[in-house]
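> Next input, structure requested:
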Amino acid sequence: MPRRRTLDLLFALWAAIWVALGIFVWHEVRGLRPLADTVAVAGTSLGDTAAALRSFSAIPLVGSSLRRVAEDAATTAASAKASARDGRRSVDRLAIILGIAVPLVAIGPPGVAYALVRPRLA
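Below is the predicted model:
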């Protein structure tokens with residue numbers, strides 16, 4: 001019986017370590033969210049720049065050029081904001097997937113093997 005308890009404790013320790021590592025991986029991957037937030041801020045700033053350029057589009061000689069630049073900037077700003085939203089969602093999903101997969105892969109196979117062998121232990 002002491003051998004079984006020792007192995008139970010070792011397996012519990014193994015599982016606890018891998019669960020802790022899964023939480024660590026989740027936290028670290030989730031730390032990538034500020035990159036998406038930075039892209040969102042840049043998109044907002046670019047949108048503001050586009051709006052400012054549009055206000056000068058009525059100036060003779062340069063207005064048409066400024067209008068085109070403003071339209072391009074507005075399109076890029078909208079794309080950056082959409083990418084930021086998608087990026088945040090992707091980071092969140094990846095954090096959850098890896099936070100679960102890392103411990104599952106490390107604990108699952110040894111857990112199944114130990115569950116099959118455990119009843120035979122004295």
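> Give me the neighbour count for residue 72.
Using other C-beta atoms under 10 Å, residue 72 has 13 other residues around it. Every C-beta, even on glycine, is put in place using the N, C-alpha and C of the backbone.
> mind checking pLDDT for it?
On the pLDDT scale, residue 72 is placed at 91.
> now swap in residue 109 and tell me
Confidence score, pLDDT, at residue 109: 95.
> Next, count neighbours for it.
10.
> Equivalent analysis for the one 10 residues further on, please.
Burial of residue 119 is recorded as 7 neighbouring residues (other C-beta under 10 Å).
> State the distance from it to residue 112.
13 Å (C-beta to C-beta, to the nearest Å).
> got it, and residue 86?
Taking C-beta to C-beta, one finds residue 86 at 37 Å from residue 112.
> what separates the residue minimising distance to the centre of the chain from residue 108, distance-wise?
A centroid search over the chain (C-alpha atoms, centre = their mean) returns residue 91, at 1.6 Å, as the residue closest to the centre. Distance, residue 91 to residue 108, using C-beta to C-beta: 25 Å.
> likewise residue 118?
15 Å.
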